[in-house]
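*Asks:* model this:
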Amino acid sequence: MTMPGARKNYAGSKYLLSFIIVTISWLIAVVMQFSVIMIKKEAFEPFDLMGEYLLYLPIFLIICSIIIPIDLKYGVEKGRIIFIFIFVAASLIIMAGTKPGRSNGPNTGMDANAFLNRIGNIPSVVVASVLCAVALIIAFISIRISGSIMKKKEY
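*Replies:* Numbers count the residues shown, from 1 in each chain. I've put the predicted structure just below:
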C-alpha cells in the first residue's frame, strides 16, 4: 500500500494541522473569555490577560510535539498508552520533588509555594516568551525525529 504523498510531507502535515488546530482553538477560547469579561463589565488589563493566555499556547504545542512522534512510531493505541505513562511519570516526579506547604518531615524537595511565588514575580509576557522559544526548539527536534521515523517506516 502506498501513501498519496511523500513520507516527509506526511509528518510535516501532521505538525502543521496540529499547530493550526491548537492555535485556532486557543484563539476561540481567548475571544470567548474576553467576551465573558466584557459582558460582565469587569475591569481588566488586556496586556496582562494576554500574557497569561499566551502561557497556554506553547504548552499545548509542546504536548503536540510529544504526541506526534510517539503516534508515528507506535501507532494510535500504543501511543495513547505510552502518552499516559509519560504524563503519569512526569506528575509523580514533580510530586516527589516538591514538598507540600509546611511539613515536619525532612526537607528533601523544593518548596512548591516558594517556586511559584518566584515565577509569579516575573511578568507573564516574559515567561510566555521563554516558553514559546522552548516550544519551538522542542517542535523542531520533534519534527526531525518524526521525519526520520517516517523514512524508516514501511507501509
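
*Asks:* which SS state does the residue positioned nearest the centre of the chain fall under?
*Replies:* With distances taken as Cα atoms, centre = their mean, I59 lies nearest the centre of the chain, 2.4 Å away. Three-state call for I59 (DSSP: H, G, I helix; E, B strand; the rest coil): helix.

*Asks:* Quick one: the helices in this structure, in order.
*Replies:* Counting by DSSP state H, the segments of the chain that form helices are 7-40, 46-54, 56-74, 76-97, 112-121, 124-152.

*Asks:* now, of those helices, which is deepest in the fold?
*Replies:* Each of those was scored by mean neighbour count; the highest is helix 56-74, a mean of 19, by mean count of other Cβ atoms under 10 Å. All C-beta atoms are positioned from the backbone trio N, CA, C, and that covers glycine.

*Asks:* Tell me the helices and strands packed up against that helix.
*Replies:* helix 7-40, helix 76-97, helix 124-152 (3 or more Cβ pairs under 8 Å, 6 or more residues apart in numbering; DSSP states H and E).
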